[in-house]
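Asker: Can you look at this prediction? I've put the sequence above it.
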Amino acid sequence: MQEDIKGMVLNGFQLKVIAAALMVLDHIGQFMWVAPLWFRYVGRVVAPIFFFLLVEGFTHTRSKGRYMARLLGAGYIMSIGSGILTELLPGGNLMYNNIFFSLGLGVALMWALEWSKRPKRRLLGWALAVLAAAGSLYTEAHLYGVMMVLVFYYCREKPKSLAVFYILGAIFPVFSSGTVTIHSLFFYNYQWLMVFALPFLLSYNGEAGPRNPFTKWFFYVFYPLHLWVIYILSIRMF
């Protein structure tokens, strides 16, 4: 990074492992009513980590189109699997969970912004960026996903700017939504807790970590699999 931040000690794969562990707690909290609410609290830092690493991956990948297609393809496969599972075991809202579409459209948004930097493709780039952002509003990450892509994309290698705009983007929707109370902040509208992902983001050392088939496909397999297992357990146990 261009601006020095002390304590940068985690590579990309290590951040993914941390996010995956917290994601399990988050989804246990979502599907199992006996789980403590703090499981959902810690889960607020998961999506920011994955969106942050999405921007890093976009910056370094040689094939942005293949990167986008892989994520969107995983999203469609997961939708089919989740649809079959909810037909066999109805009783839960599993179809809402599919971050692959949010991430895939995030790549599309950044790709369009890259196009907009070229004079001959400027209008087309901006038009595609608007379409990608609009489509993202219908995915799991919703407006927060668009915000994170834009902040992490434009503030890449500028950690101080990233911190300021990320915090503003995390808390503005909550505090502009109407009456804010302590009860609403911690029992209803607690998405603002995503600000606590910032220390993890600033700990990134700029390295992807080990490169092998396991690290490449780990999230693609783990994400839907752990959700399906938790969903099945929640239906069978409760």
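Answerer: Noted; the coordinates are in hand. Residues are numbered from 1 along each chain as shown.
Asker: For residue 211, report the pLDDT, please.
Answerer: Residue 211 is assigned a predicted lDDT (pLDDT) of 89.
Asker: so how far is residue 15 from residue 204?
Answerer: 6 Å (Cβ to Cβ, to the nearest Å). Quick note: C-beta positions are derived from backbone N, CA and C, even for glycine.
Asker: Between these two, which contacts overlap?
Answerer: The contact sets of residue 204 and residue 15 overlap at residue 52 (Cβ atoms under 8 Å, 6 or more residues apart in numbering).
Asker: Please tell me how far the host helix or strand of residue 231 is from the chain's geometric centre.
Answerer: Per DSSP states H and E, residue 231 falls inside helix 213-237. For helix 213-237, the separation from the chain centroid amounts to 16 Å (computed by Cα atoms, centre = their mean, to the nearest Å).
Asker: and if you look at stretch 168-176?
Answerer: With Cα atoms, centre = their mean, you get 17 Å for stretch 168-176.
Asker: I'd like the distance from residue 60 to residue 105, if you could.
Answerer: Between residue 60 and residue 105 the computed distance is 19 Å (Cβ to Cβ).
Asker: Between the two, which is the more surrounded one?
Answerer: Counting neighbours by other Cβ atoms under 10 Å for residue 60 and for residue 105 shows that residue 105 has the greater number, 27 against 10.
Asker: residues contacting that one?
Answerer: Per Cβ under 8 Å, 6+ apart, neighbours of residue 105: 72, 132, 135, 136, 139, 145.
Asker: residue boundaries of the strands in this structure?
Answerer: Secondary structure of the chain (DSSP state E): no strands located.
Asker: which parts of stretch 109-116 are buried?
Answerer: Buried residues in stretch 109-116, counted by 16 or more other Cβ atoms under 10 Å: 109, 110, 111, 112, 113, 115, 116.
Asker: mind putting those in CSV, distance to residue 97 and pLDDT included?
Answerer: Compiled in CSV, the buried residues of stretch 109-116 are given as follows (distance: Cβ to Cβ, whole Å; pLDDT from 0 to 100):
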residue, distance to residue 97, pLDDT
109, 21, 98
110, 23, 97
111, 25, 96
112, 26, 96
113, 27, 96
115, 31, 92
116, 31, 92
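Asker: So what's the residue count around the closest residue to residue 108 other than its chain neighbours?
Answerer: Leaving aside its chain neighbours, residue 108 sits nearest to residue 132 (4.1 Å; criterion: Cβ to Cβ, 6 or more residues apart in numbering). By the criterion of other Cβ under 10 Å, residue 132 has 22 neighbours.
Asker: re the thing from before, who touches the helix holding residue 231?
Answerer: Contacts of helix 213-237 (Cβ under 8 Å, 6+ apart): 13, 16, 20, 23-24, 27-28, 31-32, 50, 70, 74, 77-78, 81-82, 85, 89, 91-92, 94, 97, 99-100, 209.
Asker: Would you write a ChimeraX line that selects the buried entries of the residues you listed?
Answerer: Buried residues among these (16+ other Cβ under 10 Å), as a ChimeraX selection:
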select :13,16,20,23,24,27,28,31,50,70,74,78,82,85,92,94,97,99,100
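Asker: Select from the contacts of helix 213-237 every entry located in helices.
Answerer: 13, 16, 20, 23-24, 27-28, 31, 50, 70, 74, 77-78, 81-82, 85, 99-100 (DSSP state H).
Asker: Give me the distance between residue 91 and residue 237.
Answerer: From residue 91 to residue 237 the distance is 12 Å (Cβ to Cβ).
Asker: For the residue nearest the centre of the chain, which non-adjacent residue is closest in space?
Answerer: Of all residues in the chain, the one closest to the mean position by Cα atoms, centre = their mean is residue 47, 3.1 Å from it. Using Cβ to Cβ, 6+ apart and skipping the chain neighbours, the partner closest in space to residue 47 is residue 141 (5.9 Å).
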